[in-house]
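Undergrad: Just the structure for this:
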Amino acid sequence: MVKLIGAALILFAGTMIGFMQASRYAARPRQIRQLIQAVQRLETEIGYGYTPLPDAFERCAAHLPEPGASIFRGVKERINQPEGLTFRECWELSLADHWPGTAMRIPEKTALIRLGSALGISDREDQIKHMRLAVQQLKAEEDTARDDQARYEKMWKSLGVLIAALVVILIV
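TA: Predicted structure coming up:
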């Protein structure tokens, strides 16, 4: 009876681990798409609304679901602090703080860091060009993420169950 309960727990745990890994592959393209929409909204706020950078980030964060909203809110909060940080420093610190909570990877972070180095230091047209470039880079990464999702999501679901079943067989 104890072996049966232990086997069921092992099978359940292995299955959940596989499903958690699969969910990260499913979340990545969705989060990249949300980030693309946020950058496009930021472009609109800066380009057509003539909105100051802190206000533009606040408005974008209001329309962005988590975990992306926390990145944008973190930038807005750091800009308003009296520490005298540049926008680039605020952007990079916010990315560093909130990035582990996302399913995104290094290429997306690199594109955002490049974008952050151009915002706030050049004229409106140059900032819009950098935002459009970031959107193009993020769209390419979204395509890659969708390919990875199609390739690895089912594999991780199956692998979790199969490895758990192997452990149960070896134990019993």
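Undergrad: give me every residue that touches residue 53.
TA: 46, 79, 87, 119, 120 (CB atoms under 8 Å, 6 or more residues apart in numbering). C-beta here means a position set from N, CA and C on the backbone, and glycine is covered the same way.
Undergrad: what's around residue 14, how many residues?
TA: Neighbourhood size, residue 14 [other CB atoms under 10 Å]: 20.
Undergrad: quick revisit: for the contacts of residue 53, which one is nearest residue 150?
TA: residue 119 (33.6 Å; CB to CB).
Undergrad: Ramachandran coordinates for that closest one?
TA: phi -80, psi 140 (degrees, to the nearest 10).
Undergrad: Residue 86 now?
TA: With angles defined as degrees, to the nearest 10, residue 86 sits at phi -70, psi 170.
Undergrad: Distance-wise, check it relative to residue 39.
TA: Computed as CB to CB, to the nearest Å, the residue 86 to residue 39 distance reads 20 Å.
Undergrad: neighbour count winner among those two?
TA: Shown here are residue 86 and residue 39; by other CB under 10 Å, residue 39 has more neighbours (21 against 13).
Undergrad: Was I right to think the more buried one contacts residue 137?
TA: No: counting by CB atoms under 8 Å, residue 39 stays clear of residue 137, with 10.0 Å between them.
Undergrad: quick one: contacts for residue 108?
TA: Neighbours of residue 108 in contact, by CB under 8 Å, 6+ apart: 32, 35, 138, 141.
Undergrad: so how far is residue 3 from the closest residue to the second one other than its chain neighbours?
TA: If the residues on either side of it in the chain are set aside, residue 35 comes closest to residue 68, at 5.4 Å by CB to CB, 6 or more residues apart in numbering. Residue 68 sits 46 Å away from residue 3, taking CB to CB as the criterion.
Undergrad: Compare those two (neighbour count), which wins?
TA: The residue with more neighbours, out of residue 68 and residue 3, is residue 68; 23 against 10, by other CB under 10 Å.
Undergrad: I'd assumed residue 38 was in contact with the residue nearest to residue 35.
TA: Yes: with contacts counted by CB under 8 Å, residue 68 reaches residue 38, the gap being 5.8 Å.
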